[in-house]
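A.B. asks: I'll drop the sequence and a predicted model, then ask my questions.
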Amino acid sequence: MTPRLTFQDLILRLQAYWAAQGCAILQPYDQPMGAGTFHPATFLRSLDPGAWRCAYVQPSRRPADGRYGENPNRLGHYYQFQVLIKPHPANIQALYRGSLEALGLDLKAHDLRFVEDDWESPTLGAWGLGWEVWLDGMEVTQYTYFQQVGGIELDEVPCELTYGLERLAMYLQGVDNVYDLVWVGERGQPGCITYGDVYSRNELEQAKDNFECSDASLLAPAFEVWEKEARRLVEARLPLPAYECVMGASHTFNMLQARGAISVAERAGYIRRVRDLACACAALYKETSRMSLEERRKELGR
Amino acid sequence: MSELFVEIGVEELPARFVGPAMEGFAAQMAKLLGPLAPSAPRVWGTPRRVAVAFSDVVAETPGVEKLVTGPAVSVAFPNGAPGPAAQAFAAKFGVSVEALERVPGPKGEVIAARRVEGAQKLVDVVAAGLHAAIFAIPFKKTMKWGRRKEQFPRPIQYVCAVVDGVRVPTDIAGQATVDTSVGHWLWHPEPFRVTGAAQWEAELLARDVVPDLAERRTQLVEGLWARAAEIGAELRADDTLVDEVVNLIEKPTVIVGEFDASLLGLPPRLLVESMKVNQRYFPLYRDGELTNQFLLAANNPHGDVALIAAGNARVLAARFHDAKFFYAEDRKRPLAEHGQKLSGMVWLREVKGASGRPLTMSERQSQLAAAGERLAGLCSANAGAVLEAGLLAKSDLTTLMVGEFPELQGHVGRKLAEAEGLPAEVALAIEEHYLPRFTGDAVPGSAAGTALALAERLTLLDAAFAAGLQPKGGADHLGLRRAAVGVVALLLGRRVAAVPVQEVFRAAGCVGGDEVCDFVYARLRAALQDEGVPTDVVEAVFSAGSRLVPDLAARARAFGALAADGRMGAIRATFRRVAGLVKQNPGDVLALDALDADAIGPAGNALREAVAAIPASSVPKEQLAALVALRPLVDAYFDGVMVMDEDLALRGNRLGLLRAIVDRFSTLADFSKLSTS
């Protein structure tokens, strides 16, 4: 029988495992984003010259996926555990399997499979090849060898591993409802805190906002502001602040979509606009990441 | 004779690439070995390996001895002793100065060296060319890994290359080849030594890998049928799914799964497609009805079956929970109410309505309904039902269900229509108007569905061509070729009265310009050529007779059958000659009995009688049979008389008989378009 890891044990084990592989354990980025790939530690660092290894938990905001806390499987806010190693070692697939064993999974009992999945993020101008990893038919990880990021071909291929934490935890704890996950403590015992205790109310209120309350007439101009600001900061040769505006624009676009304020015809246009910004940031980041900090200081007048 | 064995160990290849990888690898290796490998290799493939073995390879070719001539003896041996020129020449060809020979040249004696050229060692050939051969295997999608520049569908882990059990030393993507392989990653991760192909296969079989694709497929199929029989369920043959699943695993283990029976209230197509497309499960039936059991093929031959089955059951419950939620939401409102939201959706940005702005999906739906209603007569459909279905045809696009499962468009509309008690005919037409979805897909079974399906495609084509959106080159983002293929399939489907394409367009209220009609005919031509009808025959058929799609197809296919039997060559030669003479010498067609019996001679008379005796028929196969029967008589006629006689009266009669033949088959084909080859 698989051990009943709490939700936080799961995170702690993954962190410990990847820390032992030399990954810097980072923290979530302090801005809403649709996926852990948006985190600058993945998106921008993929473009750095040289090696990079990191792992972190990142909350993903998917406004359109919220279900008022009424669906046991879908959330408007959930967690991804993200690993990015560049260039990836030759045994990365074995390392990944090791991470599942570190969670107490006896792979010899289960059916672990790597099923083709060609990943693409049109808003980030990024794509890669890899798999969705199935544990007894359930997708638990998105495994991708990045080929292009921000419209730029990569010479040193990063491997991105994105674990769906809630799904994995549901499997490990054997629960059918995400809100029943034990976050800390023991089920039914005093002091036990569940996922529902932490997030039920948040899911309800956020879904109400995303689907009914948010004001498209305010969000649409907000998108424009993020966009203008991103452009202005790219002009000012500040890729990191500019990229924060790209994340802002992307999240605002997701909010507009959840509100049903974007037609199919407009949708492609919005995606293109975010992609253009992301690509502009990526190009500037790549260019400036070849400079030393001293050179950057000089360029920026410090 | 030697045996060459090469295995590429790779991280899980996409299932659809395993076949191409096997084929491509075998082809590239055969190309590399050339004459060294007299026969075809054996090929194996799983998601984690592709291997080839050539069992009777020449280890070394002897080469040809050749005499290479050099400078004049006077230059090479200036004082009778070898000078620098002789030494350089000897060194260049790897012989000693003493071994140099003297042979006569055009300007006196020159020195020469004997050497063997063209000798090849198998090991050298493989070592030099293996890397290039591997990366020349064509794939639709490839990637780079690590710091390497090479492209392959997934990272290569090792390449095992042995000749008679001895490693071929070379580097593949920066990594030295090995003389080992590895079994199932989970149970047998320790490498084992490879001494030959047969030993390798036996070792793998003992290590939970069935490397032979056909054998693995047989095991999978037998496993599926056996498990289904054990639990008394019906399995439906699905080669596409089997072909995919067999390449998701290295050794099949078929397991029975079960999902919550309450989910069976969802549309069956949703359950079936979700099981097949998302999860690669094989749905099971009892008495023709879908059950909540399914089969899956796991890649763990010694796993905990109950655990794996339980895990898989949860996936379906989770996935279908969404569907249940969506379906429950969608069913709260009638289809027409869902349709109201269509006014907020744009059909195609490039297609403008009368107002000058793009047509909304709502306007598109009305347009479709109107066109469908007009086509009802042509399709023997109930115009009222077509109109009613048309006005709801796109309404399910705004449902949560179709938003989440776009492939269910039409099906959800039908189910909602049925649930609210609309006539079955209307509900069915809503679903069927999307048919055929791709080349070779089914056409609608109902008349109303046919009318609406035709309307859908004709109006799209007409609007796109009017807006100047004709496909250019390979780009066809509006799917116009697919639409035209659909029109052809519908017109061939026996539910539409046979009228020329332009009239079908006009019946739908479309402009149906020449360009768009030609576009549809072009799809028919292409389809016929794909079926194997020779290009010149298609041309001959399209240049004569009616412009009715079923008739064109029937005539072309009749000829195609002839070509497939190898009987077209003689027909071509004879009737092209007939048509050529008639074309070069235009004149009136005379009645057969007006021809002068003496002028056309005995062979002509026999031919005339045969032509006159051809039974009137509009069935292309029968017409063609008559043509085939006529052919020897025509040949005999050409042998017996000189058609282009200088005597104009004779010539007129003789040509007249040929004109009568051309005229007799004028609705079958234009023989002048047949090629000589």
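C.D. replies: That came in fine, so what should we check first?
A.B. asks: and the residue sitting furthest away from the middle of chain B, how far from residue B:99?
C.D. replies: Centroid-distance maximum for chain B: residue B:79 at 74.4 Å, with CA atoms, centre = their mean. Distance, residue B:79 to residue B:99, by CB to CB, to the nearest Å: 20 Å. No exception for glycine: its C-beta is placed from N, CA and C like everyone else's.
A.B. asks: can you check residue B:612 too?
C.D. replies: Distance from residue B:612 to residue B:99, by CB to CB: 88 Å.
A.B. asks: quick one: pLDDT of the closest residue to residue B:119 other than its chain neighbours?
C.D. replies: Leaving out its chain neighbours, the residue that sits closest to residue B:119 by CB to CB, 6 or more residues apart in numbering or on different chains is residue B:63, at 3.0 Å. Here the pLDDT value assigned to residue B:63 is 77.
A.B. asks: next, count neighbours for residue B:63.
C.D. replies: 12 (other CB atoms under 10 Å in any protein chain shown).
A.B. asks: show the contacting residues for it.
C.D. replies: Counting by CB atoms under 8 Å, 6 or more residues apart in numbering or on different chains, residue B:63 touches B:116-120.
A.B. asks: just the ones of the residues you listed in strands?
C.D. replies: Judged by DSSP state E, the subset of these located in strands is B:116-117, B:120.
A.B. asks: domain assignment for chain A?
C.D. replies: Listed domain ranges for chain A are A:7-209, A:215-293 (source: automatic domain parsing).
A.B. asks: of the contacts of residue B:63 - the most surrounded one?
C.D. replies: residue B:120 leads the contacts of residue B:63 on contacts (other CB under 10 Å) with 17 neighbours.
A.B. asks: in what helix or strand does the nearest residue to residue A:90 once chain neighbours are set aside lie?
C.D. replies: Residue nearest to residue A:90 in three dimensions, not counting chain neighbours: residue B:146, with 6.6 Å by CB to CB, 6+ apart. If you go by DSSP states H and E, residue B:146 is not part of any helix or strand.
A.B. asks: show me where the stretch 201-302 of chain A has its helices.
C.D. replies: With DSSP state H, counting those that start in this stretch as the criterion, the stretch 201-302 of chain A has helices at A:216-235, A:239-258, A:264-289, A:293-299.
A.B. asks: looking at those helices, which is buried most?
C.D. replies: helix A:239-258 (a mean of 23; mean count of other CB atoms under 10 Å in any protein chain shown).
A.B. asks: average pLDDT across that one?
C.D. replies: 97.
A.B. asks: also stretch B:310-321?
C.D. replies: On average, stretch B:310-321 scores 85.
A.B. asks: buried stuff in it?
C.D. replies: Buried residues in stretch B:310-321, counted by 16 or more other CB atoms under 10 Å in any protein chain shown: B:311-321.
A.B. asks: likewise stretch B:171-184?
C.D. replies: B:172-173, B:177-184.
A.B. asks: for the nearest residue to residue B:447 once chain neighbours are set aside, helix, strand, or coil?
C.D. replies: If the residues on either side of it in the chain are set aside, residue B:447 comes closest to residue B:381, at 3.7 Å by CB to CB, 6+ apart. When classified by DSSP: H, G, I helix; E, B strand; the rest coil, residue B:381 comes out as coil.
A.B. asks: tell me the pLDDT at the closest residue to chain A within the stretch 401-550 of chain B?
C.D. replies: Closest residue of the stretch 401-550 of chain B to chain A, CB to the nearest CB: residue B:403 (9.3 Å). pLDDT, residue B:403: 86.
A.B. asks: let me see the contact set for it.
C.D. replies: Per CB under 8 Å, 6+ apart, neighbours of residue B:403: residue B:326.
A.B. asks: can you report phi and psi for it?
C.D. replies: phi -60, psi -40 (degrees, to the nearest 10).
A.B. asks: re the thing from before, phi, psi of the residue farthest from the centre of chain B?
C.D. replies: Main-chain torsions, residue B:79, degrees, to the nearest 10: phi -120, psi 30.
A.B. asks: C-terminal to the helix or strand hosting residue B:637, what's the next element?
C.D. replies: Taking DSSP H and E as the criterion, residue B:637 maps to helix B:620-640. Using DSSP H and E, the helix or strand that directly follows helix B:620-640 along the chain is helix B:648-664.
A.B. asks: could you dump the helices of the stretch 201-302 of chain A to TSV with distance to residue A:175?
C.D. replies: Shown next, in TSV, are the helices of the stretch 201-302 of chain A (distance: least, CB to CB, whole Å):
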stretch	distance to residue A:175
helix A:216-235	35
helix A:239-258	27
helix A:264-289	35
helix A:293-299	48
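A.B. asks: so where does the closest residue to chain A within chain B fall, helix or strand?
C.D. replies: Chain B approaches chain A most closely through residue B:311 (2.6 Å), counting by CB to the nearest CB. Here residue B:311 sits within helix B:305-330, counting by DSSP H and E.
A.B. asks: state the pLDDT value of residue 196.
C.D. replies: Unless you meant another one, I'm taking chain A. 97.
A.B. asks: hmm, no, I was thinking of chain B.
C.D. replies: pLDDT at residue B:196 comes out at 96.
A.B. asks: number of residues surrounding it?
C.D. replies: By other CB under 10 Å, neighbour count at residue B:196 equals 17.
A.B. asks: distance of it relative to residue B:170?
C.D. replies: From residue B:196 to residue B:170 the distance is 19 Å (CB to CB).
A.B. asks: and which of the contacts of residue B:63 is nearest to residue B:105?
C.D. replies: Residue B:105 has its nearest neighbour among these in residue B:117, at 20.1 Å by CB to CB.
A.B. asks: helix, strand, or coil at the residue nearest to the closest one when sequence neighbours are not counted?
C.D. replies: Excluding the flanking residues, the one nearest residue B:117 by CB to CB, 6+ apart is residue B:66, at 4.9 Å. For residue B:66, the assignment made with three-state DSSP gives strand.
A.B. asks: can you check residue B:183 too?
C.D. replies: Assignment for residue B:183 (three-state DSSP): coil.
A.B. asks: repeat that for the one 3 residues further on.
C.D. replies: Applying three-state DSSP to residue B:186 yields a three-state assignment of coil.
A.B. asks: next one: phi and psi at residue B:437?
C.D. replies: Main-chain torsions, residue B:437, degrees, to the nearest 10: phi -80, psi -20.
A.B. asks: could you report the neighbour count for it?
C.D. replies: Other residues close to residue B:437 by other CB under 10 Å number 13.
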